[in-house]
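Trainee: Sequence plus the predicted model coming up.
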Amino acid sequence: MTNPKTFALKGSICFSADPGHLVSEENAYVICENGKCAGVYRELPERFRGIPCTDAGNSLIIPGLTDLHLHAPQYSFRGTHMDLELLDWLDTVTFPEEARYADLEYAGKAYRIFADDLKKSFTTRACIFGTLHVEATELLMDLTEETGIKAYIGKVNMDRNGPEDLQEESAESSAKATVRWLEDAQVKYRNVRPILTPRFIPSCTDELMTKLSAIQQNYRLPVQSHLSENPGEADWVKDLCPDSEFYGAAYDRFGLFGGEGCPTIMAHCVHSSEEEIALMKQRGVYVAHCPQSNTNLSSGIAPVRRFMEKGLNMGLGTDIAGGHSLSMLRTAADAVQVSKLRWRLADDSQKALSFAEAFYLASAGGGSFFGSTGAFLEGYDFDALILDDSFWAYPGTLTAGERLERLAYIGDERCIAGKYVCGEKLF
Ligand code: GUN
Ligand code: FE
């Protein structure tokens, strides 16, 4: 019997195995063997003759993209209230909306819309914040599980500086709710996994961080949070943590900043000091660079070239609803654009990103948080997108790389004609 997860896709294949360049092969085959990529070929190798082959014609075939940072409950209000900076935006818009997820009926409606759109998006892997509510977060996990996308999803922890209706009563009750959630969430799913999610330092007391550290070790959980995003936030952390030399140290003193057995994603890192960057490198912390959010919330422009020079782990995030678009292809274009402004306005010794570099971050860069994903290399999970760009007519011929770059700037989800995760066809 043939394995349904062994097949070939034929088309214009484009991917990035290292930040320097895009690999493209026109009229070529990419093989999925039992859910794993078995390479890209101009001719179908002998041993694969006879496997099912989908001919995508002139369409592009690219690896699935990874969104390293987004907030599912904020999807509802994306693209509104974009005239505020981070802390005011949290207090006046974000926290009141997240408080609504205590109501499971509302949560169900909102998360259904989110999950449907995520399924149709360029994203095949995602690291997602829920809210502090256990039931609503499980509902989000149920709905994300059904999409077939692979995701880490976190119940948020926050026991200080929130409004009355979006704050856990104590460190104790926050930790207890987390354990209750984990006992269920750890065993229930095939596609989604729990991730420990202290919102950010201003939202978590030392007592809570101590308890979360014990939970992290006990359950061997990955961690996601926010770091050095916005000047107002960074000043606040300095006041809250006078003993920490820099923001990242305030996580590190609780063992929640990467290192052995604690894979960690920190979103933003716009205002990271050299010491903070050095510690991220040492601990293998992933940077989730979120260019659209950093623009919308006037946070600044992250020193992405510096992170690349230092060899940090890094991917891209939409940071919905700091960012307004769920498109990871758009996010790659945004990363290029803001890097040009940084080069021009802030530091002309730091070259802007090329599209190939930004695409690498959106695919293999962020994908590596999930293991071997995000490139058409042998043994990698077979996550793939078929992109039909014929809607965006062109009078001549373009290379596959040019077509992909063009889609990042002028295209949208309407171009996605097929989507696969680990060899499973989602549509
Ligand atoms: N810092 C703490 N919470 C948030 C959030 O919801 N969004 C962003 N962008 N930054 C945060
Ligand atoms: Fe965020």
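Mentor: Received it, and whenever you're ready, just let me know what you need. Ligands and ions are numbered 1, 2, ... in the order given.

Trainee: Every contact and neighbour count from this point should use C-alpha atoms.
Mentor: OK.

Trainee: Next up, phi/psi of His268, please.
Mentor: Main-chain torsions, His268, degrees, to the nearest 10: phi 90, psi -80.

Trainee: Quick check: the gap between it and ligand 1.
Mentor: 8 Å (Cα to the nearest ligand atom, to the nearest Å).

Trainee: Show me which residues of this protein are close to ligand 1?
Mentor: Residues of the chain that fall close to ligand 1, judged by Cα under 6 Å from any ligand atom: 199-200, 226, 322.

Trainee: Who wins on neighbours among these?
Mentor: Among the residues of the chain next to ligand 1, Gly322 has the most neighbours (other Cα atoms under 10 Å), with 31 neighbours.

Trainee: What about the residues of the chain next to ligand 1, which are in strands?
Mentor: Per DSSP state E, strands hold the following members of those: His226.

Trainee: Give me the distance between the residue in the chain sticking out farthest from the centre and Ile13.
Mentor: Centroid-distance maximum for the chain: Glu46 at 37.8 Å, with Cα atoms, centre = their mean. The gap separating Glu46 from Ile13 is 20 Å, by Cα to Cα, to the nearest Å.

Trainee: Where do the strands of the stretch 301-427 of the chain begin and end?
Mentor: 313-316, 384-387, 416-421, 424-425 (DSSP state E, counting those that start in this stretch).

Trainee: If you could redo that for the stretch 51-200 of the chain, that was the one I meant.
Mentor: With strands called from DSSP E, counting those that start in this stretch, the stretch 51-200 of the chain shows them at 53-63, 65-71, 123-129, 150-154, 156-157, 192-194, 197-198.

Trainee: Show the contacting residues for the spatially most central residue of the chain.
Mentor: For the chain, the residue nearest the mean C-alpha position is Leu68 (1.6 Å; Cα atoms, centre = their mean). By Cα atoms under 8 Å, 6 or more residues apart in numbering, Leu68 lies in contact with 125-128, 265, 288, 315-318, 366.

Trainee: quick one: which of those residues is nearest ligand 1?
Mentor: Thr318 (9.5 Å; Cα to the nearest ligand atom).

Trainee: For the closest one, give me phi and psi.
Mentor: Per degrees, to the nearest 10, the backbone of Thr318 is at phi -80, psi -30.

Trainee: So it sits against Ser293, correct?
Mentor: Yes: with contact defined as Cα atoms under 8 Å, Thr318 counts as touching Ser293 (7.0 Å).

Trainee: joint contacts of the two?
Mentor: His324.

Trainee: what about Gln282, how many neighbours?
Mentor: Other residues close to Gln282 by other Cα under 10 Å number 12.

Trainee: State the distance from it to Gly162.
Mentor: With Cα to Cα as the criterion, Gln282 and Gly162 are 32 Å apart.

Trainee: what's the answer for Thr373, then?
Mentor: Distance from Thr373 to Gly162, by Cα to Cα: 37 Å.

Trainee: same check, this time on Asp83
Mentor: 21 Å.

Trainee: Same question for His271.
Mentor: Distance from His271 to Gly162, by Cα to Cα: 23 Å.

Trainee: Which one's more surrounded, those two?
Mentor: Between His271 and Gly162, counting by other Cα under 10 Å, His271 is the more crowded of the two (20 against 17).

Trainee: For the residue in the stretch 251-400 of the chain that ligand 1 sits nearest to, which non-adjacent residue is closest in space?
Mentor: Among residues of the stretch 251-400 of the chain, the one nearest ligand 1 by Cα to the nearest ligand atom turns out to be Gly322. It sits 5.0 Å away. Ranked by Cα to Cα, 6 or more residues apart in numbering and with sequence neighbours excluded, the top spatial neighbour of Gly322 is Ser293, at 4.3 Å.

Trainee: if we can go back for a sec, with mean pLDDT as added columns, please give the strands of the stretch 51-200 of the chain in a markdown table.
Mentor: Converted to a markdown table, these look like this (pLDDT from 0 to 100):
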| stretch | mean pLDDT |
| --- | --- |
| strand 53-63 | 97 |
| strand 65-71 | 99 |
| strand 123-129 | 99 |
| strand 150-154 | 98 |
| strand 156-157 | 98 |
| strand 192-194 | 98 |
| strand 197-198 | 98 |
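
Trainee: closest one to Ala171 among the ones you listed?
Mentor: Among the strands of the stretch 51-200 of the chain, strand 156-157 comes nearest to Ala171, with 8.9 Å by Cα to Cα.

Trainee: so what strands line up beside the closest one?
Mentor: strand 197-198 (parallel) (DSSP bridges).

Trainee: Contacts for the partner strand, please.
Mentor: With Cα under 8 Å, 6+ apart, strand 197-198 has contacts from 129, 154-158, 204, 209, 223-225.

Trainee: can you check stretch 317-324 too?
Mentor: Contacts of stretch 317-324 with the rest of the structure, by Cα under 8 Å, 6+ apart, involve 66-72, 74-75, 77-79, 267, 288-294, 296-297, 325-328, 331.
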